[in-house]
Structures are given as structure tokens and as C-alpha cells.
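S.K.: Quick one: sequence and predicted model below, then my questions.
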Amino acid sequence: MALAHKIAYNVVFNSFLKVFSTVALSLYSIRLITGYLGQDGFGKYSTVLAFFAFFSALADLGLSSVTAREISREGADESKILSKVLSLRLTSSFVVFLLAPFLVIFFDYPLDLKIGIFIAAGAILFSTLSLMLNGIFQKRVAMDKVALVEFLGKLFQVGIVILVVRENLGFLAIVSTLLASLSFNALVVFFLSRRFVQFSPKIDYAYWKKFLHESLPMGVTAIITFTYFKMDTILLSILQTSSHVGIYNVAYKVMENLIFFPAMLAGLILPLLSRFIYTNRKHFEDIANKTFKVFVIIVVPIVAGTWFLSGDIIRIVSGDAFLESAPVLRILIFALGFIFFGNFFNMLLVVGNAQKKLMQTLFFVAIFNLLLNAFLIPRFSYTGAAFASLATEMFVVIATSFLVYKYIHYIPSFESVGKILLSGTVMGVILFFLSPHSFFLSGIGGVGAYIGMLWLTKAISSEEITSLFQKEEEVLFSPVEPIETLNP
């Protein structure tokens, strides 16, 4: 299969499964949970998930991204690398699990919320393992298998949630579904990875030291990223009521369930960019430019559609009890647009080994976010948190694009961006007139108008379509020069 064709297949297959797992099943799960727990209960559940993200960031140590990069290098000993990193990964997760109770015991939270946070801490033992193993599938452009596992895991979780709601098992049972689904995912992904490479935990302190020297900047970056990505929920839980946390997080969950697009694309493209950045600059820039264009094509209809249909989206996701979330969603959807391009530039900095510069910049972004949230949340509650998120993501894109220009010497091509924006504008006009009517009619009409305009303006060229069928050897067998790696 041609490499470009294989990537396209993974994008389409992953997107299809993600629509059903990350979007449809996740949003259905949110509908069940919000209906069962109400604003206050869903606020507590969202607080648990925020702490889960915090613990995951602490345990990550940057190992996921650097592992994917290292095993994708030419001549890398994949088995040895994975064996040594696996033992490091399990150690870091277990340490965080032991420390978790001491991190939240002094918060003025109800007892059931504290217990829920402890349960979430146990889930990181499985989530961090899955993240590390994903690198095996990224290298082989086989993320369709991971997407299938995530779909089955989400289906498993939704089934448990239905049981919990039907039997009225309570808040802690809802939280426990997270642990159940993540353990299922980790075990199945581990089993599938054995087809490609055999490995087992192996302690090597000298290698750990060398690997952490490379990965820790990314680990610190993950913690910093958490600070501006999830700290708003924790600050809301401290400074406002749980119901305010719930209102904010219904809108935030809608946005969060769409973030898989940039993360998925970055995961698929990172190994290719890592291979070509030092060996074939032309291929590197061509892949980066096409990825940037795909991001623009995806972002425009998501922002336009959500802006006009936010009220209907909230009704579908959580019912009329959470309609206060609709204005929040209109703000956050623009933040999502910037998150796409923040992911794009972050990926380039990882590929170019500029993690330390990224870490230093994001540190100031995190400080900016904390100060802005601390100022806005006491005054404007969840609306203030939404504006803080938007301003922060704008800051990220500006800062990381500058770093890419300075250290990677790359500027994305803006060819066809004007045509894409014109297509989005036409979509917005259609939605403006159709939005008072049926949600599905509006959505179909808007998307149809957008796709039609992309075709009429030739925003996507015929050459780009035919490039999907280029021979794999045209890319894979280009000249490769040796590059520095972490020798296991």
C-alpha cells in the first residue's frame, strides 16, 4: 500500500471510529452522566477528571513522545528501547499513584470527591501504559488498531455507565467506569503490540538517565500544558460551586471530544516528519504543509457549525438543564481552533528536538493562564474561565509558531487558505438561515455548502487527490543520512 494512501486510510478509519467512540459514545455517556448526577454531581465528576489529567501529566515524564520518536529512527533497536522505557514508565506511574492522596487531602472537598480522585489516580497505571505502546503503532502507521481498541473500550465504559445509572449505584461507581475502561484498553493494546515487537520490563539506570535527559523537557511541558488546559476546572472547583464546574465542563467536554483530530493527525505524521527533517527537507516541508492545510480544512467547519448550533448541541449532549453552557461553548470553540494549530507547531518542535525551547515558552503561557483565571473566575465564573482558555490558546499558537520559525526554519504554506475561509463563510451564511429550523437539516446543509465550495474554488487540487496513490518507495527509499539517537 502506498505510504500516503496508508496514512489517508488511517485518517479516514480513525476518524470514522472516533466519531462513534470519542464523539458519539463519549457524548452519549456525558448525556447519561449529566442526567444522572445533575449540575453539582457532574461538576464533581469533572473535577475528578481534571485531577486524572494532572496525575497523568506528572507520570508521563515526556516518555510517550520521545519513545515514538526514538523507535522511529533508522536502525533503532525497538525491543530494547521499549523494554527499558516500559520499566521506567511503570515506576513513574506507581510513584504518582502513591503520592496522589497527599496531593488532595488538604483540599476542602466532600469525602466522595476525594475518594473519586484516588480512584482516578489508580487509572493512570493503565493510561500511561497505553500511551507508551501507541508509539509502536504510530511507527507502522497502524493507528487504526488503536482506534478500534479505544472504540471497544468506550463501548465497554458506556455499557457500565448504563448499568450504574439503571441500578442507581452512585457517584463513585460512575468514577470507577474510568478505571475499568482504561484497564481494558491497556491490556488489549499490549496484547496487539506483541505481534510487532517482543519486549518486557528491563531496568537500566544508565539508560533511564540518558532517556530522561531527552524526555524530561517534554514531561515538564506536559505539566505546564496541563496547567493551562485543565487548571481552570480545578480553580473553578475551589473558587465556585460544583454546579458552575458542571456548566463549564459540559461545554468543555464538547470541545474536548473534538481535540482527537489534531492529536490523531500529529500521531500519524510525527514519525514521518521525524524521519525526513534531517534527511530530506523537501519531503519534510511537503508533509508539514499538507498537514497544516488539512488542519485548516477541519477547523473552519467545526468553528462555524458550533457557533451557530451551540444551543442544539448542548440540548443533545446534556438536555435543557445545561443550556447555560451554550454561550460558553461559543467561546471555547474558537479556543479549539487555536488548539489545532498549537498541536501542529508543538509536533514540529518535538520532531526538531526543540523541546527545551518549547518548555520555556509554555512555562510563561502557564503563568499567564493561571493569573488570567485567578482574575476572571472570581468575577465571571465559567464565562471568565472560557475567555481565559481562548486567550491562552491564542498565546500558545503565537509563541510556538515563532519558535518553529526561529529554530526549525519553517513557515507553513498558506496556499488555498483564502479559498477554505471563503468556503467556511458560505457555510456560516447557510447555517445562519437554517439554524432556527432542524438541527440535522442545518448541519447537512452547512456541511454540503462547505464541501461544495471547496470543490468549486478548487481549494483541494486534483494533484493532491492523485498523490494518495503514489508508490510507497517514492517516499520510503529516499536517501537517508545517519542521525544521532539514544543508543539503548
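M.R.: Thanks, I have the structure now.
S.K.: ok, N280 to L376 distance?
M.R.: N280 sits 46 Å away from L376, going by C-beta to C-beta, to the nearest Å. Using the backbone N, CA and C atoms, a C-beta is placed for each residue, glycine as well.
S.K.: who has more neighbours, those two?
M.R.: When N280 and L376 are compared for neighbours, L376 comes out ahead with 20 against 17, by other C-beta atoms under 10 Å.
S.K.: The more buried one and F387 touch, don't they?
M.R.: Yes: under the criterion of C-beta atoms under 8 Å, L376 makes contact with F387 at 6.3 Å.
S.K.: So which elements touch the host helix or strand of R379?
M.R.: Taking DSSP states H and E as the definition, one finds R379 inside helix 355-403. In terms of contact count using 3 or more C-beta pairs under 8 Å, 6 or more residues apart in numbering; DSSP states H and E, helix 355-403 is assigned the packing partners helix 205-239, helix 242-256, helix 325-351.
S.K.: so how far is it from its chain's centroid?
M.R.: Relative to the chain's own centre, helix 355-403 is displaced by 17 Å; criterion: C-alpha atoms, centre = their mean, to the nearest Å.
S.K.: Any stretches of the chain with poor pLDDT?
M.R.: In the prediction, the chain carries residues with pLDDT under 70 at positions 1-23, 68-78, 135, 138-145, 197, 199-201, 461-488.
S.K.: try it again with 50
M.R.: The chain contains residues with pLDDT under 50 at 1, 3, 9, 465-488.
S.K.: residues in contact with L163?
M.R.: Counting by C-beta atoms under 8 Å, 6 or more residues apart in numbering, L163 touches L169.
S.K.: And V104, how close does it get to S442?
M.R.: V104 sits 43 Å away from S442 when distances are taken as C-beta to C-beta.
S.K.: cool, and F364?
M.R.: Separation of F364 from S442 (C-beta to C-beta) stands at 41 Å.
S.K.: So those two - more neighbours on which side?
M.R.: S442 (21 against 12).
S.K.: In three-state terms, how would the more buried one be classified?
M.R.: Each residue gets one of three states, and S442 gets helix by DSSP: H, G, I helix; E, B strand; the rest coil.
S.K.: Now do stretch 206-218: distance to the chain's middle.
M.R.: Here stretch 206-218 is found 23 Å from its chain centre; the criterion is C-alpha atoms, centre = their mean.
S.K.: what comes up buried for it?
M.R.: Y207, W208, F211, L212, E214, S215, L216, P217, M218 (16 or more other C-beta atoms under 10 Å).
S.K.: Could you do stretch 92-111 as well?
M.R.: Along stretch 92-111, the positions that meet the burial threshold by neighbour count (16+ other C-beta under 10 Å) are S92, S93, V96, F97, A100, V104, Y109.
S.K.: what about the helices in the stretch 51-200 of the chain?
M.R.: With DSSP state H, counting those that start in this stretch as the definition, the stretch 51-200 of the chain shows helices at residue ranges 63-71, 78-104, 111-139, 143-167, 171-193.
S.K.: I'd like those as CSV, with distance to E415 appended.
M.R.: Formatted as CSV, the entries for those read as follows, by distance: least, C-beta to C-beta, whole Å:
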stretch, distance to E415
helix 63-71, 29
helix 78-104, 37
helix 111-139, 28
helix 143-167, 28
helix 171-193, 38
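S.K.: which stretch among these comes nearest W455?
M.R.: With respect to W455, and counting by C-beta to C-beta, the nearest of those is helix 143-167 at 27.3 Å.
S.K.: what's around the closest residue to P262 other than its chain neighbours, how many residues?
M.R.: In space, and not counting its chain neighbours, P262 is closest to N343: 3.8 Å by C-beta to C-beta, 6 or more residues apart in numbering. Counted with other C-beta under 10 Å, residues neighbouring N343 total 22.
S.K.: Surely N343 is in contact with A266?
M.R.: Yes: applying C-beta under 8 Å as the test, N343 and A266 come out as touching, 5.3 Å apart.
S.K.: winner for burial among the helices and strands packed on helix 355-403?
M.R.: The highest average neighbour count among the helices and strands packed on helix 355-403, using mean count of other C-beta atoms under 10 Å, belongs to helix 242-256 at a mean of 26.
S.K.: Contacts for it next, please.
M.R.: Residues outside helix 242-256 that contact it (C-beta under 8 Å, 6+ apart) are 26-27, 30, 34, 38-44, 46-47, 232-233, 236-237, 306, 313-314, 317-318, 322, 324-326, 328-329, 332-333, 335-336, 381-382, 385-386.
S.K.: got it, and stretch 40-53?
M.R.: Under the criterion C-beta under 8 Å, 6+ apart, residues 33-34, 37, 104, 109-110, 112-113, 116-117, 119-121, 123-124, 127, 171, 174-175, 178, 226, 229-231, 233-234, 237, 241-250, 252-253, 318 lie in contact with stretch 40-53.
S.K.: try 6 Å
M.R.: 34, 113, 116-117, 120, 171, 175, 226, 230, 233-234, 237, 242-243, 245-246, 249 (C-beta atoms under 6 Å, 6 or more residues apart in numbering).
S.K.: swap in stretch 295-310?
M.R.: So stretch 295-310 is contacted by 261, 326, 329-330, 333, 337, 340, 344, 417, 420, 424, 427-428, 431, 435, 446, 450 (C-beta under 6 Å, 6+ apart).
S.K.: and if we set it to 8 Å?
M.R.: Defining contact as C-beta under 8 Å, 6+ apart, one finds that stretch 295-310 is touched by 254, 258, 261-262, 265, 313, 326-327, 329-330, 333-334, 336-337, 340-341, 344, 417, 420-421, 423-424, 427-428, 431-432, 435, 439, 442-443, 446-447, 450, 454, 459-460.
S.K.: returning to what we had before: can I get the buried residues of stretch 206-218 in CSV including distance to F191?
M.R.: Rendered in CSV, the data for these read as follows (distance: C-beta to C-beta, whole Å):
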residue, distance to F191
Y207, 26
W208, 26
F211, 25
L212, 28
E214, 29
S215, 26
L216, 30
P217, 32
M218, 27
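S.K.: picking up where we left off before, and of the helices of the stretch 51-200 of the chain, who's closest to A391?
M.R.: The closest approach between A391 and any of those, judged by C-beta to C-beta, belongs to helix 63-71 at 25.8 Å.
S.K.: so Y450 touches S423, yeah?
M.R.: Yes: the criterion here is C-beta under 8 Å, and Y450 meets it with S423 at 5.2 Å.
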